[in-house]
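# model this:
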Amino acid sequence: MPVTQNALLRDKVVLQLVRQLREAPFFLLDTFFWKTEEFDTQEVKVDTYLDEREIAVFTSPNADPNVRQRTEWTRKTFNTPYIFESLPLRPDQLHYILAGESEFANRPIAERLVDQLAEDSQYLIGLIKRKLEWWASKLLDGGSVTIGGEGIPDMTHDFGMPAANKLVLTGADRWSQTTSDPLKDLRTQRTVIAQASGKTPTVAIFGNSARDRAYAHQEFKDYLDIRRADNVLSLSDTMVMPRGVTFMGTFEDMKMFTYDEQYVEGGVSKRFVDSEKVLLGSPDAMTIRAHGAILNFLQGLQKAQWSITPTTDVRGRVHYLDAESAPFLGLSESNAFGTIDVGD
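Below you'll find the model as predicted:
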């Protein structure tokens, strides 16, 4: 029995199609916020940790034990912001060729619809993940993010990144000056973060101006040349490299990358990583990519990362593909991340 257009626009069929799609990687999100958790409420819970890293004390076997307090942690509850995006699909559009299709193609409408649904689903999921990449970039650059939008007031979530973890270079220390020393600054800030958290940063992400100013120092270039064997990623690594990412090299076991990817907001292109900054962190540091329950009109609250649902207008003439998500990103160990502002 042939597959009809109406059959393809059912929820279960679209869901099966979405599950087969390959999601595009996003660098900051997949590197530092890889732990995901879904909640069955519209609120999510984020734990924050502070590891004191104390050591045991020597004592007499006849003495009382040294009673310790457990590692400090707190649990906070957050209301998730909501994302609701939609794409229209008119039946008459399927009578014409799709992008990338031969102008002489003569394909069944149901077959074209499958391709269109896949393309639209990928686009809608990309919108959501790109917003999460923006969120990740704000948390990694200072430890806080301000969320606002239509129908909701601006709300700032600050996870308390220590001031010492945010190095701002001034005067002769700015990387644009010949008197500066980028390698020394990277080593110093890496040590500061390691002392604060017990986790040594293994990844450094350069804005494009920070990269150019680092390369302008001969000592920096010479170091990368000397360690040429360590400055090559394997073929498997480069095959999955997210868009906009360039591997620069390795500095004392810390991999350095440039991230040039941009997003468009209000018609203006903006960078995910500030041009003048370097972000430092470790994928082992505890973070969370949480997803609150999605409010479905017919099924109530749904526990999922996102929902892709076909809908129809009141006249049944225009179909829509709706995407909904209630995400939240948090830093459980904000002291394990840091930044270097290299100056103008």
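# who touches Lys221 in this structure?
Residues near Lys221 by Cβ atoms under 8 Å, 6 or more residues apart in numbering: Tyr215. All C-beta atoms are positioned from the backbone trio N, CA, C, and that covers glycine.
# neighbours of Arg243, how many?
The number of residues packed near Arg243 is 11, by other Cβ atoms under 10 Å.
# would you check that it makes contact with Glu261?
Yes - using Cβ atoms under 8 Å, Arg243 is in contact with Glu261, at 5.7 Å.
# list the residues that contact both of these two?
Counting by Cβ under 8 Å, 6+ apart, nothing touches both Arg243 and Glu261.
# how distant is stretch 48-66 from the center of its chain?
The chain centre lies 38 Å from the centre of stretch 48-66; the measure is Cα atoms, centre = their mean, to the nearest Å.
# helix or strand for the residue of the chain most remote from its centre, which one?
Distance from the centre of the chain peaks at Asn62, with 53.2 Å (Cα atoms, centre = their mean). Under the criterion DSSP states H and E, no helix or strand holds Asn62.
# same question, Thr339
Counting by DSSP H and E, Thr339 is part of strand 338-341.
# helices or strands up against that strand?
strand 166-168, helix 182-197, strand 277-281 (3 or more Cβ pairs under 8 Å, 6 or more residues apart in numbering; DSSP states H and E).
# mind listing what that strand pairs with, with the direction of each?
Strands that pair with strand 338-341, judged by DSSP bridges, come out as strand 166-168 (parallel), strand 277-281 (antiparallel).
# please identify the most buried of these.
Mean neighbours per residue, mean count of other Cβ atoms under 10 Å, is largest over the strands paired with strand 338-341 for strand 277-281, with a mean of 26.
# what's in contact with that one?
32, 140-141, 186, 189-190, 193, 201, 203-207, 210, 254, 273, 336-342.
# ok, now with 7 Å
32, 140-141, 189-190, 193, 201, 203-207, 210, 273, 336-342 (Cβ atoms under 7 Å, 6 or more residues apart in numbering).
# if any of those are buried, put those into a PyMOL selection.
A single PyMOL command selects the buried members of those (16 or more other Cβ atoms under 10 Å):
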select buried, resi 32+140+141+189+190+193+201+203+204+205+206+207+210+273+336+337+338+339+340+341+342
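# quick one on the thing from earlier: can you say which of the helices and strands packed on strand 338-341 is nearest to Phe27?
strand 277-281 (10.6 Å; Cβ to Cβ).
# got the angle between the closest one and helix 182-197?
Relative orientation of strand 277-281 versus helix 182-197 (axes from the mean of the first three to the mean of the last three Cα atoms, to 10 degrees): 40 degrees.
# next SSE downstream of strand 277-281?
strand 287-291.
# which helices and strands does that next one pack with?
strand 36-38, strand 43-50, strand 327-331 (3 or more Cβ pairs under 7 Å, 6 or more residues apart in numbering; DSSP states H and E).
# rounded mean pLDDT for the first one, please.
If I follow you right, that is strand 36-38. Strand 36-38 shows a mean pLDDT of 92.
# so which bits of it are buried?
Buried-residue list, strand 36-38, by 16+ other Cβ under 10 Å: Glu38.
# quick one: contacts of that strand?
Taking Cβ under 7 Å, 6+ apart as the rule, strand 36-38 contacts Ile288, Arg289, Ala290, His291, Lys303, Ala304, Gln305.
# so where's this protein shaky on pLDDT?
In the predicted model of the chain, residues 1-24, 51-52, 71, 90-110, 112, 226-240, 297-299, 313-318 satisfy pLDDT under 70.
# circling back: give me whichever of the helices and strands packed on strand 287-291 is most buried.
The most buried one of these (mean count of other Cβ under 10 Å) is strand 327-331, showing a mean of 24.
# which secondary structure elements does it sit against?
Using 3+ Cβ pairs under 7 Å, 6+ apart: strand 327-331 touches helix 109-140, strand 287-291.
# make it 10 Å
Counting contacts by 3 or more Cβ pairs under 10 Å, 6 or more residues apart in numbering; DSSP states H and E, strand 327-331 is packed against helix 27-32, strand 43-50, strand 72-79, helix 109-140, strand 144-149, strand 152-158, strand 287-291.
# can I get these in a markdown table including distance to Thr179?
Formatted as a markdown table, the helices and strands packed on strand 327-331 follow (distance: least, Cβ to Cβ, whole Å):
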| stretch | distance to Thr179 |
| --- | --- |
| helix 27-32 | 32 |
| strand 43-50 | 37 |
| strand 72-79 | 41 |
| helix 109-140 | 28 |
| strand 144-149 | 32 |
| strand 152-158 | 34 |
| strand 287-291 | 36 |
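# for those, which one sits closest to Glu85?
helix 109-140 (5.4 Å).
# still on that earlier bit, for Glu72, which of the helices and strands packed on strand 338-341 is the nearest?
helix 182-197 (13.2 Å).
# centre of the chain to that closest one, how far?
On Cα atoms, centre = their mean, the centre of helix 182-197 falls 23 Å from that of its chain.
# dump the helices and strands packed on strand 338-341 into TSV; add distance to Thr74 as well.
Shown next, in TSV, are the helices and strands packed on strand 338-341 (distance: least, Cβ to Cβ, whole Å):
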stretch	distance to Thr74
strand 166-168	22
helix 182-197	16
strand 277-281	21
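# circling back: relative to Asp40, which of the strands paired with strand 338-341 is closest?
Shortest distance between Asp40 and the strands paired with strand 338-341, using Cβ to Cβ, is found for strand 277-281: 30.2 Å.
# I am finished for the moment; much appreciated.
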